[in-house]
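J.: Below are the sequence and a predicted model for it; my questions follow.
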Amino acid sequence: MSEDSVSYAIQQFFGGNFHQDWDLEAENWQSVIDNYAVGKGPSRLHALAQDIDDLRQMHGEDELKVLMPRRAHAAYNPRPITYKEWLGLVADRLRGHAAAIEGGAAH
């Protein structure tokens, strides 16, 4: 992943789930993640969480403000928290779903 691009998985996840009408499909961003996780395997959820962590580490907040809508195709603004904080929460929630699947529990 170059510094000014994002992975295909990131584009697919954010563009497909946090599109301009995301709030018609879910009550909040947490529900978007919960809906996405249904039927996904833990390795896929872990891999996506790692991609999100990598994105957070590679870019500063000012870069993420531009990159998320333009390159990741996310139509969600996490205000009042930062993109870095929100992306960390997204990755953690994905890992939580993966752990629940691995442990045999519904999340």
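T.: Received the coordinates, thanks.
J.: Which phi and psi values does Pro69 adopt?
T.: Main-chain dihedrals, Pro69, degrees, to the nearest 10: phi -70, psi -30.
J.: And it, how close does it get to Tyr36?
T.: Pro69 sits 19 Å away from Tyr36 when distances are taken as Cβ to Cβ, to the nearest Å. Backbone N, C-alpha and C define where each C-beta goes, glycine included.
J.: These two: which is more packed in?
T.: Tyr36 (20 against 15; other Cβ atoms under 10 Å).
J.: I'd say that one and Phe14 touch.
T.: No - Tyr36 lies out of contact with Phe14 (Cβ atoms under 8 Å); the separation is 10.4 Å.
J.: can you list contacts of stretch 35-46?
T.: Stretch 35-46 is contacted by residues Phe13, Asn17, Glu25, Ala26, Leu94, Arg95, His97, Ala98, Ala99, Ile101, Glu102, His107 when judged by Cβ atoms under 8 Å, 6 or more residues apart in numbering.
J.: Make TSV out of those and add secondary structure.
T.: Formatted as TSV, the contacts of stretch 35-46 follow (DSSP: H, G, I helix; E, B strand; the rest coil):
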residue	secondary structure
Phe13	helix
Asn17	helix
Glu25	helix
Ala26	coil
Leu94	helix
Arg95	helix
His97	helix
Ala98	helix
Ala99	helix
Ile101	helix
Glu102	helix
His107	coil
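J.: Can you tell me which of the residues you listed are buried?
T.: Phe13, Asn17, Ala26, Leu94, Arg95, His97, Ala98, Ile101 (16 or more other Cβ atoms under 10 Å).
J.: Dump those into a markdown table; add pLDDT and distance to Ala74 as well.
T.: Shown next, in a markdown table, are those (pLDDT from 0 to 100; distance: Cβ to Cβ, whole Å):
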| residue | pLDDT | distance to Ala74 |
| --- | --- | --- |
| Phe13 | 98 | 9 |
| Asn17 | 97 | 9 |
| Ala26 | 94 | 14 |
| Leu94 | 99 | 15 |
| Arg95 | 98 | 19 |
| His97 | 98 | 19 |
| Ala98 | 98 | 21 |
| Ile101 | 94 | 25 |
